[in-house]
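In: Pasting a predicted model and its sequence here:
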Amino acid sequence: MKPRWVCRIGDDPAVVVDKKEPSIACVIMGNLEYRRENMATRTPKLILKQCDAEILHEAIKGHEHLARKLNVTVPENYTEFGVEALRYALDKLSESEDEKGWWTYFPIHQQDNKLIGSGGYKGGPTLDGTVEIGYEIMPEYRNRGLATEMTEGLVQNAFNDERVNRIVAHTLGQENASTMVLKKCGFVKTEELNEPDEGVIWKWELNRSR
């Protein structure tokens, strides 16, 4: 059984990362203006840089290589998930041109010119038009509305593709910061799953407005 991406915000309980298909914390918030330009989505305070194979190769080499590639400051601790998530995304990008733009995105803080997390999608739209979205923001940049900007940009970017009808997210099976945010943004809990590693998981859905 495929491991799920499980939402995690702030002090929500940690989730074990499956090394074959790494987890990414996720949440959907807000309704922000954004612009799509040159492999990037721009929100008021962030640039969400789409990662191609070249960028992922440099990221896997280390934060100093990535900093030179992106011409931004890259802290060692910008991601909690290590290089396994990056390698997995790179492998998926290598499988098909259809996967382009549907994996890793790097949030760059415009004012600080600094990479402050990671996120993106868990692959392109399924046959029924579903995508899954995720993000992580460095601790020192949380509680500033930046997660909202990042995820809203990703959501709008996904719905800009006419094939996408639905965005899903997963949380631990208990009320926490992640579930509160998803509810505020119109997500509906649609299923309760029992996973061997994570335990009870709640599935949430956001459908395209018609």
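Out: Everything's here; your move.
In: switch to C-alpha atoms for all contacts and neighbour counts from now on
Out: Noted.
In: Tell me which stretches of this structure form strands.
Out: For the chain, the strands defined by DSSP state E cover 35-36, 40-42, 46-50, 104-109, 114-115, 117-121, 130-137, 166-172, 188-195, 199-207.
In: how about those strands in CSV, adding distance to residue 149 and mean neighbour count?
Out: Output for the strands of the chain, formatted as CSV (distance: least, C-alpha to C-alpha, whole Å; neighbours: other C-alpha atoms under 10 Å):
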stretch, distance to residue 149, mean neighbour count
strand 35-36, 12, 14
strand 40-42, 9, 21
strand 46-50, 7, 25
strand 104-109, 10, 26
strand 114-115, 14, 24
strand 117-121, 12, 25
strand 130-137, 11, 25
strand 166-172, 16, 25
strand 188-195, 21, 14
strand 199-207, 17, 18
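In: Ok, which of those strands comes nearest residue 86?
Out: Nearest of these to residue 86, taken as C-alpha to C-alpha: strand 104-109 at 7.6 Å.
In: Just checking: what are the partner strands of the closest one?
Out: strand 46-50 (antiparallel), strand 114-115 (antiparallel), strand 117-121 (antiparallel) (DSSP bridges).
In: contact partners of the first one?
Out: Spelled out, that is strand 46-50. Residues outside strand 46-50 that contact it (C-alpha atoms under 8 Å, 6 or more residues apart in numbering): 39-42, 101, 104-110, 146, 149-150, 153.
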